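Peer 1: The following comprises the amino acid sequence and a computationally predicted model.
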Amino acid sequence: MAASGGAPRLSVVDEHESEASAGKDDMEIGRVTPILFTLAFRNLFQDRVRLIVTLVGIVFSVVLFTVELGLFFGFQRTVTIMIDHASADLWIAPAETKSFEATALLDGRERFRALAVPGVAEVTPVLIGFTYWRKPDGKSSTPVFLIGSQLGDGGLQPWNLIEGSVSDLTRPQAVAIDRSYFDRLGVSELGDSAEIGDQKARVAAVTKGIRSFTTTPYVFTSLDRARSYINAPPSSATYFTVRVAPGANVEDVRRQLANALPNLEIITSDQFRQRSRSYWLFGTGAGAALFGSAILGIIVGTVIVAQTLYSSTKDHLSEFATLRAMGSSRPFLYKVIVWQALMTAVIGFAIAASIGLIVARVSTDTALPIILPPVLIAGLFALTVGMSIASAFSAMLVVTRVDPVTVLAR
Amino acid sequence: MSEPLIEGKDIVKYLGTGPGQVQALRSVTLSVSGGELVLLMGPSGSGKTTLLSVLGCMLTPNSGTVRIRGQSTQGLRPEQLTDLRRQHIGFIFQTYHLFPTLTAVENVRLALEMGGERPWNAQARAVTALETVSLGHKINSFPRQLSSGEQQRVAIARAIVGKPAAILADEPTAALDSANGHAIMSVLANVAKDSAHAVLVVTHDPRVIPFADRILHMEDGRLVEKEQSATILRLHERS
Ligand SMILES: Nc1ncnc2c1ncn2[C@@H]1O[C@H](COP(=O)(O)OP(=O)(O)OP(=O)(O)O)[C@@H](O)[C@H]1O
Ligand SMILES: [Mg+2]
């Protein structure tokens, strides 16, 4: 920012620099830099303690904001992870399904009615449900989130397998779990056995990175075994995923399915994602909390920067009065302050963004990764700059009122 | 002598409000021409600083007119007066008012760059101005590294670098010992040799009298005739 603003001048000043560089104790900055910039820079760095306070304020608020927003993005992504990985154009869901984690059941007859709708190519049942996993030691148990899917094509099968394969789940008692949940589930390797709802479960496949934001481990298994684990009736399902025939219009099919199955929800994957997100982020207040603390961070940061800029300006008031006496226009005085604000913003942002990226890196393998897309980083920079300039207003107000006559009075 | 660069006619100025209001200037008329160094003397509270502020376009008179290079300041808006100040007036203060975080040359550049001068031009002109006040060797010193006399010389360089019509100095030697005060007055007298500048110096300091082309006496908001000033002037001119 500073560099781009000064760049065209710098190149010309460099010529001067080389011809004047005979003087040994040159102040580099003074030589090549417009005086406005020098003055703002020196005012800023003159009082290190205040600069540090300012930077702490900016870094605190920007990091807080970054992390909250990164969590928000991460949350958005993890909330829809299952919907993303199901190969479905449409979902047939129980009435009033608010999120993927709903647990009402469909009885199974829907499937045949759906298959009778023109344009429907495949209707695949998926059964989900919360249940308990009794660890191999037989003593303790922990809740798990069961996902039963028809194996083979379609449905909702485990992905990112690092051990075993989807076909291994066809074997008796076979389940797939994520490597990161081994400790929680009390298993140590492929082939270990535990119990789900008094029935045996054996780890036949292991995934990597399929983590739930609810922190309840996912357990993948076949459809029939899932039904028996949670005592669901033989043909029941939580959802039917629908694939439309090639060339069929998804929206047309959706409307016809809605007519054929009037008491159920027929929604596209996008609609389902949207619904899950708004349920978890806004229905639960999690989003409000994230946004609330993000906004709070910005307010706190702005107040701190405004306060330090204001007090710095107060300290330099006689200099501003001198500038006025010398005939400096108000915009020039404002520029000194705005440059100070911008420099603070750039330094603060650089520190904050580095911390944010480190935090994001560290969080990659957790249940709730912080995701910082480049557009968010750019937005944060704009926000930091905006915040600093907003902070400059109180200081500007002070210099607006400064009276040059006071210089002669002393 | 050349034409008047700064003129005040029938200037009246009230200061303060309500019962505390003072008539600091009671119809003051004066003019200072290019190439002239005029001293403004008088007792404390007689209105010298007020007159300087009015002539320097920092205060607007209640009545009367100020002309700079023949142009009246009447009816100008505050920001226009500011521009006038930057273009035509150079101030020198008793306590220098240098920017402590800027070097000598940067302090001088500031006066030019706030008017839009390009940094490298400002640099060259600032160095020249500092050479004029014999500080060519200390351009990169910070004010705290300079003696009081040197600091005031930087302030003079800053005041003259924009080639203003009028240089207005309020007690420029009051904070200096006599050697430094003498040096400062020589610099100002040198500046006043150039017919492009009119120099008006407020002072209490009788040691500076020899540098004056003319002395104005102020008492209770009025300029008063003093026999003595003409005598001194004649003495000075003979020397
Ligand atoms: N802001 C003000 N409000 C009211 N009266 C003021 C104000 N400023 C100055 N005065 C009064 O105006 C008169 C002229 O003041 P001024 O500062 O011009 O005097 P001066 O000749 O410069 O004095 P000194 O030699 O002490 O600097 C004084 O009586 C002073 O008390
Ligand atoms: Mg005074």
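Peer 2: Received the coordinates, thanks. Ligands and ions are numbered 1, 2, ... in the order given.
Peer 1: what about the strands in chain A?
Peer 2: A:90-93, A:120-134, A:141-149, A:161-163, A:174-178, A:193-196, A:199-207, A:218-222, A:239-244, A:265-268 (DSSP state E).
Peer 1: how about the ones you listed in CSV, adding mean neighbour count, distance to A:Val405 and mean pLDDT?
Peer 2: (Each C-beta comes from the backbone N, C-alpha and C, glycine too.) Converted to CSV, these look like this (neighbours: other Cβ atoms under 10 Å in any protein chain shown; distance: least, Cβ to Cβ, whole Å; pLDDT from 0 to 100):
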stretch, mean neighbour count, distance to A:Val405, mean pLDDT
strand A:90-93, 26, 76, 90
strand A:120-134, 21, 77, 90
strand A:141-149, 22, 75, 90
strand A:161-163, 15, 78, 90
strand A:174-178, 25, 74, 92
strand A:193-196, 19, 85, 88
strand A:199-207, 20, 76, 91
strand A:218-222, 24, 75, 91
strand A:239-244, 25, 79, 90
strand A:265-268, 20, 72, 90
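Peer 1: To ligand 1, which of these lies closest?
Peer 2: Closest of these to ligand 1 is strand A:265-268, at 75.3 Å (criterion: Cβ to the nearest ligand atom).
Peer 1: Pull the number of nearby residues for the residue in the stretch 251-400 of chain A positioned nearest to ligand 1.
Peer 2: Proximity of the stretch 251-400 of chain A to ligand 1 (Cβ to the nearest ligand atom) peaks at A:Ala321, 14.4 Å away. A:Ala321 has 22 neighbours, counted by other Cβ atoms under 10 Å in any protein chain shown.
Peer 1: ok, it touching A:Leu408?
Peer 2: No - under the criterion of Cβ atoms under 8 Å, A:Ala321 is not in contact with A:Leu408, lying 9.6 Å apart.
Peer 1: most centrally placed residue in chain B?
Peer 2: In chain B, the residue lying closest to the centroid (Cα atoms, centre = their mean) is B:Leu168, at 1.2 Å.
Peer 1: Counting by contacts, list what the host helix or strand of it packs against.
Peer 2: In the assignment (DSSP states H and E), B:Leu168 maps to strand B:166-170. For strand B:166-170, the packing partners by 3 or more Cβ pairs under 8 Å, 6 or more residues apart in numbering or on different chains; DSSP states H and E come out as helix B:48-55, strand B:89-92, helix B:148-160, helix B:178-193, strand B:198-202.
Peer 1: ok, the second one: who's next to it in the sheet?
Peer 2: If I follow you right, that is strand B:89-92. Using DSSP bridges, strand B:89-92 pairs in its sheet with strand B:166-170 (parallel).
Peer 1: domain assignment for chain A?
Peer 2: A:13-76+A:287-408, A:107-263 (automatic domain parsing).
Peer 1: Quick one: distance of the first one to the chain centre.
Peer 2: The chain centroid and the centroid of domain A:13-76+A:287-408 are separated by 25 Å under Cα atoms, centre = their mean, to the nearest Å.
Peer 1: Equivalent analysis for the last one, please.
Peer 2: The gap between where domain A:107-263 is centred and where its chain is centred comes out at 27 Å by Cα atoms, centre = their mean.
Peer 1: Over to stretch B:68-84?
Peer 2: That offset, for stretch B:68-84, works out to 17 Å (Cα atoms, centre = their mean).
Peer 1: Start and end of stretch B:160-168, how far apart?
Peer 2: The first residue of stretch B:160-168 is 10 Å away from its last residue (Cα to Cα, to the nearest Å).
Peer 1: tell me the centre residue of chain A?
Peer 2: Short answer for chain A (Cα atoms, centre = their mean): A:Phe73, at 2.3 Å.
Peer 1: so that residue makes contact with A:Leu376?
Peer 2: Yes - if you go by Cβ under 8 Å, A:Phe73 and A:Leu376 touch, sitting 6.8 Å apart.
Peer 1: Setting aside sequence neighbours, what's the nearest residue to the residue of the stretch 51-200 of chain A found nearest ligand 1?
Peer 2: Residue of the stretch 51-200 of chain A nearest ligand 1, by Cβ to the nearest ligand atom: A:Thr54 (35.2 Å). Closest residue in space to A:Thr54, ignoring its immediate chain neighbours: A:Thr308 at 4.3 Å, by Cβ to Cβ, 6 or more residues apart in numbering or on different chains.
Peer 1: which residues does that neighbour contact?
Peer 2: A:50, A:53-54, A:57 (Cβ atoms under 8 Å, 6 or more residues apart in numbering or on different chains).
Peer 1: All good on my end, thank you.
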